[in-house]
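K.L.:
pasting the structure only:
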């Protein structure tokens, strides 16, 4: 009986992990734009790009701006976002951490650090940053959604992930973040016997 429950649990986790890969494309970073995300960008309007982007020239220009002002918050965040979009998560973490030193009260940065660390394979440290952000503002809906995502897909902890998603949904069930939390909860509910 215990073996059967273990197999059911492993199968359920596998299905949730596969669904979570889709969650990556839905987006869980605070500043991502577009249909792949439920985040709003505080630092600029959404844009549609139909031509390839030369990331190396963008990074070089941003790095030059940082040499002039190493604490330029917008530049630090844009570099973090650029590296995140390039799936260069270690570099993204570096810039997000630098930004958190400039503005330690910006909860969205803790969200982005936590998610980036998760994608480097360091979900445990990522959760520490997420929890630090939650301590600063327990009413930030996005960070609860991300906490559930990292718990489920980084730690395999569906129980606590559900608690985090419930909190995210409860803050505003009709927002895009609340609806995303509901979707994750529905995915888990389908897997439970």
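P.N.:
Nice, I can see it. In this text the structure is predicted, and so the values were computed from the model without any measurement.
K.L.:
can you give me the helices for this structure?
P.N.:
2-26, 55-68, 73-85, 89-102, 107-119, 123-136, 141-155, 158-171, 176-191 (DSSP state H).
K.L.:
save those helices as JSON lines, and put in mean pLDDT and mean neighbour count too.
P.N.:
Just so you know, the C-beta spots here come from the backbone N, C-alpha and C atoms, and that holds for glycine as well. As requested, those are arranged in JSON lines below (pLDDT from 0 to 100; neighbours: other CB atoms under 10 Å):
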{"stretch": "helix 2-26", "mean pLDDT": "38", "mean neighbour count": "13"}
{"stretch": "helix 55-68", "mean pLDDT": "90", "mean neighbour count": "12"}
{"stretch": "helix 73-85", "mean pLDDT": "95", "mean neighbour count": "21"}
{"stretch": "helix 89-102", "mean pLDDT": "97", "mean neighbour count": "20"}
{"stretch": "helix 107-119", "mean pLDDT": "97", "mean neighbour count": "27"}
{"stretch": "helix 123-136", "mean pLDDT": "98", "mean neighbour count": "19"}
{"stretch": "helix 141-155", "mean pLDDT": "97", "mean neighbour count": "25"}
{"stretch": "helix 158-171", "mean pLDDT": "97", "mean neighbour count": "19"}
{"stretch": "helix 176-191", "mean pLDDT": "95", "mean neighbour count": "18"}
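K.L.:
could you report the neighbour count for residue 72?
P.N.:
17 (other CB atoms under 10 Å).
K.L.:
quick check, pLDDT for it.
P.N.:
Reported pLDDT at residue 72 in the predicted model: 96.
K.L.:
now do the same contact list for it.
P.N.:
65, 66 (CB atoms under 8 Å, 6 or more residues apart in numbering).
K.L.:
against residue 158, how distant is residue 190?
P.N.:
12 Å (CB to CB, to the nearest Å).
K.L.:
got it, and residue 92?
P.N.:
Residue 92 is 27 Å from residue 158, by CB to CB.
K.L.:
same question for residue 181.
P.N.:
14 Å.
K.L.:
same question, residue 85
P.N.:
28 Å.
K.L.:
nearest residue to residue 126 in space, please, no chain neighbours.
P.N.:
residue 117 (3.4 Å; CB to CB, 6 or more residues apart in numbering).
K.L.:
who touches the one you found in this structure?
P.N.:
Residue 117 neighbours (CB under 8 Å, 6+ apart): 89, 93, 123, 125, 126, 129.
K.L.:
quick check: the fifth one touching residue 112?
P.N.:
No - between residue 126 and residue 112 there is no contact, the gap being 10.1 Å when judged by CB atoms under 8 Å.
K.L.:
so who does residue 103 touch?
P.N.:
73, 109.
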